[in-house]
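S.K.: I'd like to go over a predicted model; first the sequence, then the structure.
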Amino acid sequence: MKEKTGIKYEAYFGSVRFFRHVICLCFFLIVITPYLSMTVLFYQNKLLRSEITSLRSRSFDKGVSPDKTPASENSNIVSSPEYQKKYPDLYCTPRTPFVKKEKTVYLTFDDGPSRHTEKILRILRKYNIKATFFAVGKNDPKSKKFMRRIVEEGHTLAPHSYTHAYNKIYTSVDSFLDDFKKINDLIYETTGVRPNILRFPGGTVNVYNRRIFRELSAEMLRRGYTFYDWDVSAADATKSATADSVMKSIIYGVHENRRNIVLMHDTSEKTLKALEKTIIYLKNKGFAFDRLTNEVEPVTFYYNYLEKGGV
């Protein structure tokens, strides 16, 4: 009996039926793994959103500038007291309650100023639209001129990062604050406006800052800043992007029953080519346009896988 069992086992192992079973198992794992991952991420995101909401509420309820909040009350928010002592002027006052406008589009342009900024501003002015520009550290005279124009023409100018070097700015909260201080000062010294919102490079959480994002988010909230991700992407940072694909990504992404924060890039020629047609289309559909301020309810997500080319 044992011999027969052994013979059957040897006959099965390496047989067509064996490999068929292996293939079926692999296929099952390939199919089920994404669903399991999505389930885990869903619950993690739910928890993280609750944390951010709690942190925002805590800042608002105090009714004072975050730099005046007793350290003992913040001991459960951040783990390192050292970076809290850095840059005592790097604070602002958060706003509450947030305003949420339905059927409103917030056009946002990252990574500028660039050679396309002037044409973008011209299109926005033509249709009397206010937008938001998340700037990087370009301090040449032409870039500074565009920064001043952005503010003078009624748009929002806010920090994205100074270096946009993910590997450096996300090594620690200290590193991020060093970089943020530089772009924040550049905007203030150039335009006279003190920013109170920002967009993290790559979004609130990305493949570079997962180790520190909780700490980093809590620290920026403690300092009074509001950060904005997006719920519509123009997908203009991909190599396959075209003016047509950019337009379709936006118009198919917006919804009437919410405010729509649209991610675009100041540096993208495809975005420039698609911008006017996209505006006309959305206006004809009855959408309103506005700029981001810290009164606008934020979009915040957590597990953002970077598009090729970065954001």
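M.R.: Yes, it's here. Numbering: from 1, shown residues only.
S.K.: For this structure, just list every one of the strands.
M.R.: Assigned by DSSP state E, the strands in the chain fall at 104-112, 132-135, 156-159, 197-198, 226-227, 232-233, 259-265, 288-289.
S.K.: Report the mean confidence score over the fourth one.
M.R.: Pointing back at strand 197-198 there. The predicted model gives strand 197-198 an average pLDDT of 98.
S.K.: And for the last one?
M.R.: Per-region confidence: strand 288-289 scores 98 on mean pLDDT.
S.K.: Tell me the strands beside it, with direction?
M.R.: Strand pairing for strand 288-289, determined by DSSP bridges: strand 104-112 (parallel).
S.K.: Restricting to C-alpha, output the partner strand in CSV.
M.R.: This file holds the C-alpha atoms of strand 104-112, laid out as CSV (Å, rounded to 0.1, in the frame of the first residue of the first chain):
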residue,chain,number,x,y,z
THR,A,104,-16.4,73.9,-8.7
VAL,A,105,-13.0,73.2,-10.4
TYR,A,106,-9.8,74.3,-8.8
LEU,A,107,-7.0,74.2,-11.4
THR,A,108,-3.6,73.7,-9.8
PHE,A,109,-0.2,73.9,-11.6
ASP,A,110,2.8,72.3,-10.0
ASP,A,111,6.6,72.8,-10.5
GLY,A,112,6.5,76.3,-12.0
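S.K.: ok, back up a step: for the strands of the chain, which one ends up most surrounded?
M.R.: strand 132-135 (a mean of 27; mean count of other Cβ atoms under 10 Å). C-beta: built from backbone N, CA, C; applies to glycine.
S.K.: From the contact counts, what lies against that strand?
M.R.: strand 104-112, strand 156-159, helix 173-191 (3 or more Cβ pairs under 8 Å, 6 or more residues apart in numbering; DSSP states H and E).
S.K.: Show residues contacting the second one.
M.R.: The set of residues that contact strand 156-159 without belonging to it, under Cβ atoms under 8 Å, 6 or more residues apart in numbering, is 130-135, 147, 150-151, 180, 183-184, 187, 191, 193, 195, 197-199, 291-293.
S.K.: follow-up on the earlier one: which one of the helices and strands packed on strand 132-135 lies closest to residue 208?
M.R.: Closest of those to residue 208 is helix 173-191, at 10.7 Å (criterion: Cβ to Cβ).
S.K.: any weak-confidence spans in this protein?
M.R.: 1-14, 29, 33-81, 301-311 (pLDDT under 70).
S.K.: Hmm, residue 138 is touching residue 111, no?
M.R.: No. Using Cβ atoms under 8 Å as the test, residue 138 is too far from residue 111 to be in contact (9.5 Å).
S.K.: Among the strands of the chain, which comes closest to residue 98?
M.R.: strand 226-227 (8.6 Å).
S.K.: and residue 31, what is it in contact with?
M.R.: Counting by Cβ under 8 Å, 6+ apart, residue 31 has no contacts.
S.K.: how near is it to residue 22?
M.R.: Plainly put, residue 31 is 15 Å away from residue 22 if you go by Cβ to Cβ, to the nearest Å.
S.K.: what's the answer for residue 122, then?
M.R.: Separation of residue 122 from residue 22 (Cβ to Cβ) stands at 61 Å.
S.K.: re the thing from before, the helices and strands packed on strand 132-135 into CSV, with extra columns for distance to residue 224?
M.R.: Shown next, in CSV, are these (distance: least, Cβ to Cβ, whole Å):
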stretch, distance to residue 224
strand 104-112, 20
strand 156-159, 14
helix 173-191, 12
